[in-house]
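K.L.:
Pasting the sequence and the predicted model now:
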Amino acid sequence: MLVSSDPATITVGDGGPRVSGLLMRPPGARWLYVLAHGAGAGMRHPFLEAIAQRLAERDIATLRYQFPYMEQRARRPDPPALAAAAVRAAVMEAARAAPGLPLVAGGKSFGGRMTSTAQASEPLPAVRGLVFLGFPLHPPGRPGNERAEHLARVQVPMLFLQGTRDDFADLKLLRPVVKRLGTRATLHLVDGGDHSFRVLKRSGRTDADVMGELVGAIVEWMGGIM
């Protein structure tokens, strides 16, 4: 089932920049995932396109959107305050465009971290949980957990989807972070996956297999937070 996307325009803050969005809402949608892109690629990245389509097949709608810097084709990501404002504006647009659908929010790498930053600052309206597609705990080769400190202020359920070869998240550091968050946090590991969830050929698994695993984990987790 191929579900088409409807364009959306989102205004960040009062009179702030306008950014583009894509709403993919299958018939019979049960949830809407407000899905932010990573630092280096926008909302039309093939990974996000694929996961949105696979979620639509499971009756999960998505709203993908651009951060202002990506809309302006700038190289440097937005400051956290502006990125968090964009997250908040996207969540508000999702609630307006699909009234009645329960919301989760998050995204790939930078997008997921900016979503949790926004949630930690002030709860996102109507958002029942956060889904991280590769939480960037630290830069590659520079292990640390300072980027996770704000998660203690997030009071909604969180799902961490991480590859075991992710060089942005040393599992020796990530596992304790998740454990400290208690029952609010769920960690799902993709065996052999890197930060983009690519696995080695010798694993015998395809990108489609991994995508199926990711989507299955998201749908199962959503069922547990109803």
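P.N.:
Structure's in. What do you need?
K.L.:
how about the helices in the chain?
P.N.:
Here the chain has its helices, by DSSP state H, at 46-57, 68-71, 80-97, 110-121, 171-180, 207-224.
K.L.:
Pull the contacting residues for the residue sitting furthest away from the middle of the chain.
P.N.:
Most distant residue from the mean C-alpha position of the chain: residue 202, 28.2 Å away (Cα atoms, centre = their mean). Taking Cβ atoms under 8 Å, 6 or more residues apart in numbering as the contact definition, residue 202 lies against nothing. C-beta coordinates here come from the backbone N, C-alpha and C atoms, glycine included.
K.L.:
repeat that with 10 Å
P.N.:
Counting by Cβ atoms under 10 Å, 6 or more residues apart in numbering, residue 202 makes contact with residue 192.
K.L.:
same deal with the one 3 residues further on?
P.N.:
With Cβ under 10 Å, 6+ apart as the criterion, the residues that contact residue 205 are 190-193, 198-199, 212-213.
K.L.:
what residue ranges in the chain score low on pLDDT?
P.N.:
Along the chain, segments meeting pLDDT under 70 span 1.
K.L.:
Show me which positions of stretch 99-113 end up buried.
P.N.:
Within stretch 99-113, the residues scored as buried using 16 or more other Cβ atoms under 10 Å are 101, 103-113.
K.L.:
for stretch 208-225, same thing?
P.N.:
In stretch 208-225, counting by 16+ other Cβ under 10 Å, buried: 210-211, 213-215, 217-219, 221-222.
K.L.:
For the residues you listed, could you give me CSV that also reports distance to residue 11?
P.N.:
Output for the buried residues of stretch 208-225, formatted as CSV (distance: Cβ to Cβ, whole Å):
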residue, distance to residue 11
210, 36
211, 32
213, 36
214, 31
215, 31
217, 33
218, 28
219, 31
221, 31
222, 28
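K.L.:
Tell me the one of those residues nearest residue 178?
P.N.:
residue 221 (13.4 Å; Cβ to Cβ).
K.L.:
so the closest one touches residue 184, yeah?
P.N.:
No: Residue 221 lies out of contact with residue 184 (Cβ atoms under 10 Å); the separation is 12.0 Å.
K.L.:
any shared contact partners between those two?
P.N.:
Counting by Cβ under 10 Å, 6+ apart, the contacts common to residue 221 and residue 184 are 129, 157-158.
K.L.:
Run a quick neighbour tally on the nearest residue in space to residue 219 that is not next to it in sequence.
P.N.:
In space, and not counting its chain neighbours, residue 219 is closest to residue 58: 5.0 Å by Cβ to Cβ, 6 or more residues apart in numbering. By the criterion of other Cβ atoms under 10 Å, residue 58 has 15 neighbours.
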